[in-house]
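> sequence first, predicted coordinates after that:
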Amino acid sequence: MYSTGLLFGESIMEVLRPQLIRIGGRVYRKNPIQEQTYQHEDEDDDCYQGLVECAEESCEGYEVVQTPQGFRCTLKAPSLLYKHIVGKRGDTRKKLEVETKTSISIPKPGQEGEIVITGQHRSGVISARTRIDVLLLTFRRKQPFTHFLAFFLNEAEVQERFLKFQEEVLEKCSMDHGVDSTIFQNPKKLHLTIGMLVLLSEQEIQQTCEMLQQCKEEFIDDISGGKPLEVEMAGIEYMNDDPGMVDVLYAKVHMKDGSNRLQELVDRVLERFQASGLIVKEWNSVKLHATVMNTLFRKDPNAEGRYNLYTTDGKYAFKERESFDGRNILKLFENFCFGTLKLNSIHISQRFTVDSFGNYASCGQIDFS
């Protein structure tokens, strides 16, 4: 009875507080639907049924061109997402075309190009474009994260201090439940995450590089003064509310001069990428932390906490994890100092990809010193 009541309560909350999707400066409501999932059911089949009731009025963000035959609108999307617009047996595209009285041309799978919407009525073309944007955003959110924006924290001093921390924790706390060498971060992968990204094409990677460069020119250089940000990586904290059952332990990072410049910088970068749609809005600010222990590493050294929610085919994946007792670690190493660093580069890095030295590989960066 308890679980049924919980599910009913969750259903009520979905109705009262539905998911909101921002597209082109407008906010749309995603209507919840009752779903039953079977082992061989294609989860995309009925997704269109649960999409928002889209506005029909003009959207200033769309460029609609009048032609001798009517109206035309184009948009670009990664080829990996075409199938979600087409739907199984083409049903989603057919339904879109019928309801909006338009014709929708989509490049063949694997071919990059433009999606073209044509119709006799401007309102119908705009409606089709809006619904396609909702579809793309919905399924983009189901993709596993591919890249992340971050400061690298893998300077030699910090790596050495981290290995000292690991050695002392295992020496003094290895008898505590769940504590072993497998749950420690790889010191070469220590980093400070600003935000996670889903980049599905070379064009999107290039767009991210350009956006980061714009951030540098518009505010990063002003905040940093054109000099590295000198920070101290010291003190440890845990993510959840029970120190006896910890999944993620992290090192705190703060400015040596006591200022708030690092927090201001990363928050403004996050805000800019959220506004562009490259990062899905989940928080209003970045929680500055450098993961040093994570129970997901116990079975998967490449795991990255909450960012492993979906598999490569977009299916939800539950990561089983065994928490550890962090009470002694927190007591003995509360003020452990991992060293000081000079942060002067923000990197765009690809998950699970490392360079010849074992560090995260960077596919783009900006320097501000």
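That came through, no problem. Numbering: from 1, shown residues only.

> ok, what's across the strand from the most centrally placed residue in the chain?
Central residue of the chain (C-alpha atoms, centre = their mean): residue 196, 3.4 Å from the mean position. Beta bridges link residue 196 to residue 148, judged by DSSP bridges.

> ok, the residue nearest to residue 195 when sequence neighbours are not counted - how many residues close by?
Closest residue in space to residue 195, ignoring its immediate chain neighbours: residue 279 at 4.4 Å, by C-beta to C-beta, 6 or more residues apart in numbering. Just so you know, the C-beta spots here come from the backbone N, C-alpha and C atoms, and that holds for glycine as well. As a burial measure, residue 279 scores 23 neighbours (other C-beta atoms under 10 Å).

> ok so, going back, got a list of what the residue nearest to the centre of the chain touches?
145, 147, 148, 279, 307 (C-beta atoms under 8 Å, 6 or more residues apart in numbering).

> ok, now how distant is it from residue 145?
Counting by C-beta to C-beta, to the nearest Å, the gap from residue 196 to residue 145 is 4 Å.

> and if you look at residue 161?
Taking C-beta to C-beta, one finds residue 161 at 29 Å from residue 145.

> what of residue 164?
31 Å.

> the two: which is more packed in?
residue 145 (19 against 12).

> that one sits in which helix or strand?
Residue 145 is located outside every helix and strand, with elements delineated by DSSP states H and E.

> could you check the pLDDT of it?
Model confidence at residue 145, given as pLDDT, is 87.

> right, and it touches residue 200 too?
No: the pair residue 145 / residue 200 is not scored as a contact, 11.1 Å apart, by C-beta atoms under 8 Å.

> quick one: the strands in this protein?
Using DSSP state E, the strands found in the chain span residues 19-23, 26-30, 65-67, 70-76, 102-105, 114-119, 147-152, 191-197, 229-238, 248-255, 290-294, 337-343, 345-354, 360-367.

> helices of the stretch 51-200 of the chain, start to end?
For the stretch 51-200 of the chain, the helices defined by DSSP state H, counting those that start in this stretch cover 82-86, 91-100, 122-140, 156-173.

> low-confidence bits of this structure, can you list those?
Within the chain, the ranges that satisfy pLDDT under 70 run 1-61, 301-319.

> try 50 this time
1-17, 27, 32-43, 45, 52-58, 306-308, 312 (pLDDT under 50).

> returning to that earlier point: in TSV: the strands of the chain, plus distance to residue 213.
TSV is the format used below for the strands of the chain (distance: least, C-beta to C-beta, whole Å):
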stretch	distance to residue 213
strand 19-23	24
strand 26-30	28
strand 65-67	30
strand 70-76	20
strand 102-105	33
strand 114-119	25
strand 147-152	13
strand 191-197	15
strand 229-238	18
strand 248-255	24
strand 290-294	25
strand 337-343	17
strand 345-354	10
strand 360-367	6
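
> so for residue 86, which of those strands sits nearest?
strand 102-105 (9.1 Å; C-beta to C-beta).

> list the helices and strands the closest one packs on?
helix 91-100, strand 114-119, helix 122-140 (3 or more C-beta pairs under 8 Å, 6 or more residues apart in numbering; DSSP states H and E).

> quick one: strands adjacent to it?
Strand pairing for strand 102-105, determined by DSSP bridges: strand 114-119 (antiparallel).

> contacts for the strand it pairs with?
67, 69-77, 85, 100-107, 125, 128-129, 132.

> stretch 216-225 too?
For stretch 216-225, using C-beta under 8 Å, 6+ apart, the contacting residues are 261, 264, 265, 268, 269, 344, 346, 366, 368, 369.

> can you do 6 Å?
Residues from elsewhere that reach stretch 216-225, judged by C-beta atoms under 6 Å, 6 or more residues apart in numbering: 261, 264, 265, 268, 366, 368.

> could you export that stretch as CSV, CA atoms only?
What follows is stretch 216-225, C-alpha atoms only, in CSV (Å, rounded to 0.1, in the frame of the first residue of the first chain):
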residue,chain,number,x,y,z
LYS,A,216,36.5,34.5,-22.4
GLU,A,217,36.1,37.7,-24.3
GLU,A,218,33.0,38.9,-22.6
PHE,A,219,33.7,38.2,-18.9
ILE,A,220,36.3,35.6,-18.1
ASP,A,221,39.3,37.9,-18.7
ASP,A,222,37.6,40.6,-16.6
ILE,A,223,37.0,38.3,-13.7
SER,A,224,40.4,36.7,-13.8
GLY,A,225,42.3,39.9,-14.6
